[in-house]
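Peer 1: need a structure here:
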Amino acid sequence: AAQRCHGHLRFSASPVQHQPPQTPAMASTTTTTRKFTREENRLLNEATRRTKVPSQDKFFCYVFAAISAAVPVFAFVKILHMDLQSYAILFGLTTVVLTYFLSYAYRAHATKIIPKIEERRLRTLQSAKVENAESQARKVASKEGLYLSIFYNNAMFYMLLIVIGFFLFANNGPTTRYIISHIVAGFLVTLMSTSKN
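Peer 2: Below you'll find the predicted structure:
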């Protein structure tokens, strides 16, 4: 830059600041970062709401899971002659744990099958020219998916319970058979319900 001092020109070099080159990663970050539009947010919220079990059905899941978890107690009391009063604490703790496992499995499996059921029901209702076909299909799919999930997970749970408790560990004592069969069966059902397939 040139400066005038006492009639003379004085030149002073100002430092030139170099901008570091922008890497491809930085470029992709700046180009891909954007906010969702209002329409995209609506579609995202709609998809999340469709695949989520309604909150009013969660209580139903817990109630049905508690009943399903308590039913094997009577089988072990009658078949293996386990005293109900002596093993009351064990039965109670196992039932509570299984209630959580089964209720979670109900909701996880229902979340996977509800979109498929809704798609089929929507095609049927649209072909019949039913008004509010989308809303009707959503309600039917939510209930049907939950009921199918309960039936499927209970069937798997009781099958695993019988195989583990009365075949794989048939030579163990009643307490060991009860604990292992219930915990392993409940864990496997929950694991299968969260699998992608």
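Peer 1: Just the strands from the protein, written as ranges.
Peer 2: 2-5, 8-11 (DSSP state E).
Peer 1: what's near enough to touch the residue positioned nearest the centre of the chain?
Peer 2: The centroid of the chain falls nearest to residue 108 when counting by CA atoms, centre = their mean (4.1 Å). Contact partners of residue 108, counting by CB atoms under 8 Å, 6 or more residues apart in numbering, are 190, 193-194. Every C-beta, even on glycine, is put in place using the N, C-alpha and C of the backbone.
Peer 1: Any quick PyMOL command for the buried ones out of the residues you listed?
Peer 2: PyMOL command restricting the contacts of residue 108 to the buried ones, with burial defined by 16 or more other CB atoms under 10 Å:
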select buried, resi 190+193
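Peer 1: Please flag which of the contacts of residue 108 sit within helices.
Peer 2: Per DSSP state H, helices hold the following members of the contacts of residue 108: 190, 193.
Peer 1: Hmm, residue 181 is touching residue 161, no?
Peer 2: Yes. Under the criterion of CB atoms under 8 Å, residue 181 makes contact with residue 161 at 5.2 Å.
Peer 1: Check the gap between the residue nearest to residue 150 when sequence neighbours are not counted and residue 83 for me.
Peer 2: Take residue 150 and drop its neighbours on the chain: the residue closest to it by CB to CB, 6 or more residues apart in numbering is residue 106, 5.4 Å away. Counting by CB to CB, to the nearest Å, the gap from residue 106 to residue 83 is 31 Å.
Peer 1: and if you look at residue 195?
Peer 2: As judged by CB to CB, residue 195 and residue 83 stand 38 Å apart.
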